[in-house]
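Student: Kindly return the folded structure for what I paste below:
(chains A, B, C and D)
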There are 4 protein chains.
Amino acid sequence: MLKENCGLFAVYSKDPSYNITSYIIEGLIALQHRGQESAGIAVSDGEKIQTYKGMGIVNEVFTKEVVKKMEGFFGIGHVRYSTNGFSNYTNAEPLTVKYKGEYFSVAHNGQIGNSDYLRNQFEEKGTIFITTSDTELIPHLLVTNLNGLPSSWNTEEITKLIDENISPSYSLLLLFKNKIVAFRDRFGYRPLAICETKNGIYIASEDSAFKFFNLNGAKIREIEPGEMVQIDSNGIKSFIVNKNKDYKYCFFEHIYFARPDSNIFGDNVHLMREQLGELVAKEHPVMADIVVPVMDSGFSAALGYSKASGIPMELGLMRNKYIGRTFIDPDVKDRKLSVKRKLSPVNAVIENKKIVLIDDSMVRGTTMKHIVKMLKENGAKEVHIRIASPMVVNSCFWGIDIPDKSEIIGANRTKTDIKILLDADSLEFISLEFLLNYLGKKGKNYCFHCFQVT
Amino acid sequence: MLKENCGLFAVYSKDPSYNITSYIIEGLIALQHRGQESAGIAVSDGEKIQTYKGMGIVNEVFTKEVVKKMEGFFGIGHVRYSTNGFSNYTNAEPLTVKYKGEYFSVAHNGQIGNSDYLRNQFEEKGTIFITTSDTELIPHLLVTNLNGLPSSWNTEEITKLIDENISPSYSLLLLFKNKIVAFRDRFGYRPLAICETKNGIYIASEDSAFKFFNLNGAKIREIEPGEMVQIDSNGIKSFIVNKNKDYKYCFFEHIYFARPDSNIFGDNVHLMREQLGELVAKEHPVMADIVVPVMDSGFSAALGYSKASGIPMELGLMRNKYIGRTFIDPDVKDRKLSVKRKLSPVNAVIENKKIVLIDDSMVRGTTMKHIVKMLKENGAKEVHIRIASPMVVNSCFWGIDIPDKSEIIGANRTKTDIKILLDADSLEFISLEFLLNYLGKKGKNYCFHCFQVT
Amino acid sequence: MLKENCGLFAVYSKDPSYNITSYIIEGLIALQHRGQESAGIAVSDGEKIQTYKGMGIVNEVFTKEVVKKMEGFFGIGHVRYSTNGFSNYTNAEPLTVKYKGEYFSVAHNGQIGNSDYLRNQFEEKGTIFITTSDTELIPHLLVTNLNGLPSSWNTEEITKLIDENISPSYSLLLLFKNKIVAFRDRFGYRPLAICETKNGIYIASEDSAFKFFNLNGAKIREIEPGEMVQIDSNGIKSFIVNKNKDYKYCFFEHIYFARPDSNIFGDNVHLMREQLGELVAKEHPVMADIVVPVMDSGFSAALGYSKASGIPMELGLMRNKYIGRTFIDPDVKDRKLSVKRKLSPVNAVIENKKIVLIDDSMVRGTTMKHIVKMLKENGAKEVHIRIASPMVVNSCFWGIDIPDKSEIIGANRTKTDIKILLDADSLEFISLEFLLNYLGKKGKNYCFHCFQVT
Amino acid sequence: MLKENCGLFAVYSKDPSYNITSYIIEGLIALQHRGQESAGIAVSDGEKIQTYKGMGIVNEVFTKEVVKKMEGFFGIGHVRYSTNGFSNYTNAEPLTVKYKGEYFSVAHNGQIGNSDYLRNQFEEKGTIFITTSDTELIPHLLVTNLNGLPSSWNTEEITKLIDENISPSYSLLLLFKNKIVAFRDRFGYRPLAICETKNGIYIASEDSAFKFFNLNGAKIREIEPGEMVQIDSNGIKSFIVNKNKDYKYCFFEHIYFARPDSNIFGDNVHLMREQLGELVAKEHPVMADIVVPVMDSGFSAALGYSKASGIPMELGLMRNKYIGRTFIDPDVKDRKLSVKRKLSPVNAVIENKKIVLIDDSMVRGTTMKHIVKMLKENGAKEVHIRIASPMVVNSCFWGIDIPDKSEIIGANRTKTDIKILLDADSLEFISLEFLLNYLGKKGKNYCFHCFQVT
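Tutor: So this is what the prediction gives:
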């Protein structure tokens, strides 16, 4: 199953003489944390669509020569998560297809729920698939059901077709030669935001990507679950395609995936993480000397834990910025070495200390095991792990790269077993009940599937 | 219109434990002259198909890491001609598609005659195209007309479908998880050869690509026009799909495109070029001191001209191996400079000499103009151009990258005008009549479209 | 004047059959923060010395092929700070020279005080210089004054010669075919540490570079100012070359240059920075809502400020990990844009807040100006800058890359002027008096030249 | 012993506002055949000298960014031959040194005869060597013996010093901030030519490098053995430093090293090679069907052999332009495979033919062995090797990369033994007597050391 953690960005310049290629690229750089496997853009000058994509991070894929050759005053971009495969170029997005002599493009963040069913249906009718990405289903769906040239298709019909046939999760960008269409699924699994300034209109997976631009007087808001936005020479047109109010915001976006300075699902990510740190402090207090975050992922939560507990936060583990490849022989190197190169204990801070070690989440647990060992070898007296989220016990089918259950440390073990495995003095997570209690009525808007046994 | 000058290579190891990935790559290197834009391979281990391709020459696309990850005892490969576009990755071949959970791959050399008609037909039925290459029509044709899994399709049915629906030109390689299928169109526009040794079976656009392998006791032959060859665990099965005897071998393969050491359409390429040199000497003799080839393209023909005329051949123009980029400012550099960097006159040879300047063909004529100028500036007394092929007057629609008629020097001018334009003392081509007379009954097997006004 | 901020690393394996090349490289990666311009190593197998160096960071310079070709059980390495020049390869270190058929190598961290005088002296005697680095003076000094082959030179004589002739600052590594010599200048400007384990002996600019290795039972200490250490087949030999007790540890190593997890000059760097944060809080308290560090440089100090003041620390500014090149036109981009791409305000945190903004130091002040502007534009009510070090008012001649006085914001302006320039609500530094009072008698061991008007 | 096969190029623009950097680079590209290991240039704007060099061919070393940063209206350049070492950057030339605050540069083609003696002498006086190249001796010689700043040194004194102290071979370029000096050793081992146009003055190892420039009305001549040329704002000044008339032109430059379109030592290289082909035909005729050159090295000689013998030349062996790396496992590949990838037999030409196989020279003989085998395996009836030069029996100490005698096939075997080893039907070289007889009184000007047993 192909995991689809991705980032989306779109720009529409109100001045059609303005080339926005470099602006899409800047937006994608701001969303680079959402995917480092491939990057791509598609731009339209009102007549033709040009597409360029490649493997690697944005700065590896694009060159000044490429940017010069692209011409358009509106366009869409996509960054994709790194997997281990080596032949995934064809899966890079935007996926641009040609139909009746016209090109149109799709960029997708999420994971289509009924993709196997849809593929079978299409294959019965003689459709072949050139990519291995679910995204290819979308153009097939559109051309099978809509008449005329793509640029003449009615936007509401397009999005209704998608809403009725494609099971979430998806946040989508569609580029036609004459317009951009953005559509967020009825459950709102993945974030999507829109920004209008006096010069242009921007869409992004996270609103922090807008900050690069001049935001004087900008109007910024989240696109609603089930909402479609069309941007063309007549400006913005919005339409609620599906009035569903039973949302399923991915809570893992808050815990781990989104940038701390983004605001998604109505909350700032850093502050949410800080609150989660406070929650785990309240639910699972411990007598300790210092709070140590696993940098950088556990930083916000550690701030919250420290505030709620009164135990001072300290830099007990430093992240090494320059790691790259190692030249040590493979038979010498191991996961322990790899952790050692990434994180370095600050001995003067941790020696003889009882430590509360904070991280945002724990999925496989392999890194955590080496961290505990490293802290103890360097003098820590006790290590109490506090995870600022509930225990992950289940896979995700809506777009977060959580591995098979066999690899999820919490899927097959009791908390006590894990504590022993990690050689921690204690180990605690926020319980789902405690979290739900804290979230109150907001809680019903989230998907907590990975925290629940099914 | 996308020009499809390409090279094909396939390997089937009789020992299924043998990984043939590196052998396909070696075969593609031997065919690199047929295309430098992109290179790709698809290999099967009997169960799964893996594809890897990229932009650039074979040695840029493939790395040892990639080769290690590919596993298969049979597979196909493709090199593609360089065009100016920058977003052609999706057009790299082999084109691997997924249908009913199974992959199959296509690699194509040629240009599909009825591609516009076919695309329209498919689009009427709701098909979209992800590449801009005609090759994508082939899998669409197959899945629309055949039932069951691709690996269960009957090879004769596959090739009959293609023969009946796809207008030449094409030489094709198809890879299924359980077999390789090679098919050459009924007119035989593009060459295709097969070789069987005690270890394996090889298919290549030109037989010179087989030489890399141990050919002790090898059986080598051309695949016939209209012939299909299937290779699987039962060995080679051949079948004449179309009994047409009205062949249209591309004469430009002999003149320019193929390697001198290849044997195509029943003749060795170097010897054919030498004969063409003799022909132009006989039809258009001239009093001169030396025969000078435009290196390397005119070398074989110059040998022939020298033999037939008795005028000694000399190295009057040297090809510079190390040219690469220039750092001279664009406003200083011009086409003349570019010719100067590539070809260098040997003054001691040409001074005060009447020169017969030989090249294999003349399409645009721009380089030739600068060569004549360079020879005269460096002391040549007279320059008589003799082209060892008929005058190109027409575009090609079957796979040779001959430009629009507006750019063909011979399409819009008389020979006299061209002579004046090039500042040559005389200019002659082989007349088509003279060539046909020489070829005799073999002549009816060739396509001479680019030499004929239509 | 060439600034010499660098990192040094050496390894001596007790087992002479062990190739230590990859270990020097790992040590240099741990010291990469001390220099990203060039990297190099020199290794000895007891008979011959091999040198390899190149421009760029360690992971760019070294390849597996290079590492395989290097053979040695002891050796030295060097990373060098980035300057703007493009022809500095010849200045990469270690500098390996040949004398009487034997090679020896030098790697240097610091800046030679009397280099102009020494160069003139040597040139009077007919010496030429091939590099533009002061380091080249050292081999000239040695061969001019010592007899016999380099491997026969007495280590005490070598270091005495250097001590008597070369004005600090320098921490030095010398590699001869039969030994390593490390020498720290009598003032101890730059740090240098040594570590002995059961397998080998390591020397590094900062002790955090030892952590990569197995340190079970390791003996780690700083090499003293004026101390020479010789490592050969007889083990470690130490010798105090200069008994001077008037040390001049570079305080900027503590403030900015060294890694937080290193221990230099007797103190942990992170804890020292945290103390400096406490100091500025005590000397310059302010009424505010939150403490915001300029990430990552101001993090440790902000922790200290928060503790001492009781004002909570918050992530008000996020560092963007993925920045790279921008594709925006040069006429559009400016320093403001560059700051925007690097640091991103967390609006939900800073809106309507009175902020204490903490950084470790301020030299040019240009970045700080844009940060204040960005915070205010995003809703901060007040911004009070607190710098966790004294005001820089003077250039450095001992190896820290502090620019000419004309570019130092504090060299030519009153604090009030700077506050206005930065549009801050208040601006304070630790006064040198307050710092000295805190340091007590340790204070006399430091160089504070850049904080003092001369 | 370091072999010094190199290429030199210099430009002096008469217009001091003209930046000649890109012109030196073009000159070096024209001389790339003389060395592919490293490339470098040094340019002067009359005040300062900038140097840039790197490993690889010219097009790899230089970028547009570098060219933009270099400023000068005169300068020198150097390309260096490839050896196997990996740490030879420091040996790249020009070698720029600093003396009394001034830079000057040296570029050298040849091999200094008394380098060991000179190194010892300098080391006795305390000199160290930073490169392993003999070139470093030259600046040491100059600063030891001349007073004042380098730019004030008298050019005649400079060249006399070199002539009196440095044993040939050398062709030298010296760059001072105010002039270029070129000097060819008294024996004239290596070629060196000068060209004056209305715009500038050019110096090159071979005159073919001038062709890139506008040569209307240019004066081109060889610099004489023992002649020094100084170029500065007063124009060209020439001076015969050493009146020796006993020349030792390297005959291997004619046989193999120089470009066919160059004129060196008074003769065109291609015509000389053609004559050598005629000579071996006359001295060693053989009954055969075709003359086959080993392409490209044997081409000129094969033309001559064909003319003199009346046996037609044919393309029996084709050179493959695209070879690059192979991906075949090392245990499968061998030298035979490597030859197979480079040279390909044209079977239709060689089958059942008696072949005269022509090459320019034979040193190791390993490639020739595989060529004979390949020709016979592909149907050649007989293979008669004719080498268009005398048998190499001795090493070279004057700059040609001829290996140790142990690796020279002719140094330790009779001709009959070699013929058997190569499995040739006959094998002949030009005898030195026959060659000398042909050359007549010109013969005394050449060095034939490698053809003579010592």
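
Student: Pull the residues that contact stretch A:267-280.
Tutor: With contacts defined as Cβ atoms under 8 Å, 6 or more residues apart in numbering or on different chains, stretch A:267-280 is touched by A:253-255, A:258-263, A:300-308, A:358, A:360, A:386-389, A:428-430, A:434-435, A:438, C:315, C:318, C:346-349. (Each C-beta comes from the backbone N, C-alpha and C, glycine too.)

Student: Mark which of those residues are part of strands, please.
Tutor: Judged by DSSP state E, strands contain the following of those: A:263, A:358, A:386-387, A:428-429, C:318.

Student: Could you pick out the one among those residues with the lowest pLDDT?
Tutor: Lowest pLDDT of the ones in strands among the contacts of stretch A:267-280: C:Met318, 94.

Student: can you pull out the helices in the stretch 51-200 of chain A?
Tutor: In the stretch 51-200 of chain A, the helices defined using DSSP state H, counting those that start in this stretch lie at A:58-61, A:64-69, A:115-124, A:137-145, A:155-165.

Student: Summarise which helices and strands the shortest one is packed against.
Tutor: Contact partners of helix A:58-61 among helices and strands, from 3 or more Cβ pairs under 8 Å, 6 or more residues apart in numbering or on different chains; DSSP states H and E: helix A:21-30, strand A:38-44, strand A:49-55.

Student: any idea whether the closest residue to A:Ile311 other than its chain neighbours is helix, strand or coil?
Tutor: Nearest residue to A:Ile311, sequence neighbours excluded (Cβ to Cβ, 6 or more residues apart in numbering or on different chains): A:Val291, at 5.1 Å. Assigned by DSSP: H, G, I helix; E, B strand; the rest coil, the conformation of A:Val291 is strand.

Student: Can you report how many residues lie near A:Val291?
Tutor: Neighbourhood size, A:Val291 [other Cβ atoms under 10 Å in any protein chain shown]: 30.

Student: who touches it in this structure?
Tutor: By Cβ under 8 Å, 6+ apart, the neighbours of A:Val291 are A:302, A:305-306, A:309, A:311-314, A:355-356, A:358.

Student: bridging residues for it?
Tutor: Under DSSP bridges, the beta-bridge partners of A:Val291 are A:Met313, A:Val356.

Student: again with A:Glu102
Tutor: Going by DSSP bridges, A:Glu102 forms beta bridges with A:Tyr99.

Student: how much space between it and A:Val143?
Tutor: Here the criterion is Cβ to Cβ, to the nearest Å. By it, A:Glu102 lies 11 Å from A:Val143.

Student: Which one of these two is surrounded by more residues?
Tutor: The residue with more neighbours, out of A:Glu102 and A:Val143, is A:Val143; 21 against 18, by other Cβ under 10 Å.

Student: Enumerate every residue touching that one.
Tutor: Contact analysis of A:Val143 by Cβ under 8 Å, 6+ apart lists A:99, A:150, B:123, B:126-128.

Student: now A:Arg190
Tutor: Applying Cβ under 8 Å, 6+ apart, one finds that A:Arg190 lies in contact with A:109-110, A:169-171, A:184, A:205, A:250, A:253, A:399.

Student: what's the spacing between A:Ile130 and A:Leu161?
Tutor: 21 Å.

Student: Could you check which of these two has the larger neighbour count?
Tutor: Between A:Ile130 and A:Leu161, counted using other Cβ under 10 Å, A:Ile130 has the larger neighbour count: 21 against 18.

Student: tell me the pLDDT at the residue in chain A positioned nearest to chain D?
Tutor: The nearest approach of chain A to chain D comes at A:Lys64, 11.6 Å away (Cβ to the nearest Cβ). Looking at A:Lys64, its pLDDT is 84.

Student: Same question for the one 3 residues further on.
Tutor: Model confidence at A:Val67, expressed as pLDDT, equals 87.

Student: Same question for A:Val339.
Tutor: Looking at A:Val339, the pLDDT reads 84.

Student: in the helix or strand harbouring it, what counts as buried?
Tutor: Taking DSSP states H and E as the criterion, A:Val339 maps to helix A:335-342. Buried residues in helix A:335-342, counting neighbours by 16 or more other Cβ atoms under 10 Å in any protein chain shown, are found at A:339-342.

Student: circling back: count the neighbours of the residue of chain A closest to chain D for me.
Tutor: A:Lys64 has 10 neighbours, counted by other Cβ under 10 Å.

Student: what's near enough to touch the residue nearest to it when sequence neighbours are not counted?
Tutor: Nearest residue to A:Lys64, sequence neighbours excluded (Cβ to Cβ, 6+ apart): C:Phe327, at 6.7 Å. C:Phe327 makes contacts with A:21-22, A:25-26, A:62, A:64, A:67, as judged by Cβ under 8 Å, 6+ apart.

Student: Hmm, A:Gly110 and A:Pro168 touching each other?
Tutor: Yes: look at A:Pro168 against A:Gly110 with Cβ atoms under 8 Å: they come within range, at 6.7 Å.

Student: which residues are common contacts for the two?
Tutor: With Cβ under 8 Å, 6+ apart as the test, A:Pro168 and A:Gly110 both reach A:185, A:189, A:398.

Student: Quick check, pLDDT for the last one.
Tutor: This points to A:Trp398. At A:Trp398, pLDDT is 84.

Student: That one: what secondary structure?
Tutor: coil.

Student: what about the closest residue to it other than its chain neighbours, distance to B:Glu136?
Tutor: Spatial nearest neighbour of A:Trp398, chain neighbours left out: A:Ser169 (4.1 Å); criterion: Cβ to Cβ, 6+ apart. Using Cβ to Cβ, A:Ser169 is found at 30 Å from B:Glu136.

Student: And the contacts of A:Arg190, which two are furthest apart?
Tutor: Greatest spatial distance among the contacts of A:Arg190 (Cβ to Cβ): A:Tyr170 and A:Glu253, at 14.3 Å.

Student: Sketch out the low-pLDDT regions of the stretch 51-200 of chain A for me.
Tutor: Of all residues in the stretch 51-200 of chain A, those with pLDDT under 70 make up the ranges A:82-88.

Student: ok, of the contacts of A:Val143, which come out buried?
Tutor: The neighbour-count criterion (16+ other Cβ under 10 Å) marks A:99, A:150, B:123, B:126-128 among these as buried.

Student: for those, which one is nearest D:Ala380?
Tutor: B:Thr127 (55.2 Å).

Student: Now for that closest one: which residues touch it?
Tutor: B:Thr127 neighbours (Cβ under 8 Å, 6+ apart): A:99, A:127, A:143, B:140.

Student: ok, back up a step: tell me the most packed of the contacts of C:Phe327, by neighbour count.
Tutor: With neighbours defined as other Cβ under 10 Å, the most crowded of those is A:Phe62; it has 27 neighbours.

Student: Check the gap between A:Asn352 and A:Asn378 for me.
Tutor: Taken as Cβ to Cβ, the span from A:Asn352 to A:Asn378 is 11 Å.

Student: who has more neighbours, these two?
Tutor: Using other Cβ under 10 Å as the criterion, A:Asn352 and A:Asn378 rank with A:Asn378 on top: 20 against 8.

Student: Contacts only, for the more buried one.
Tutor: Counting by Cβ under 8 Å, 6+ apart, A:Asn378 touches A:345, A:347, A:350-351.

Student: Now it. Its backbone dihedrals?
Tutor: Note on A:Asn378: its backbone torsions stand at phi -100, psi 20 [degrees, to the nearest 10].

Student: and what of A:Ala388?
Tutor: Here is the backbone geometry of A:Ala388 (degrees, to the nearest 10): phi -90, psi 40.
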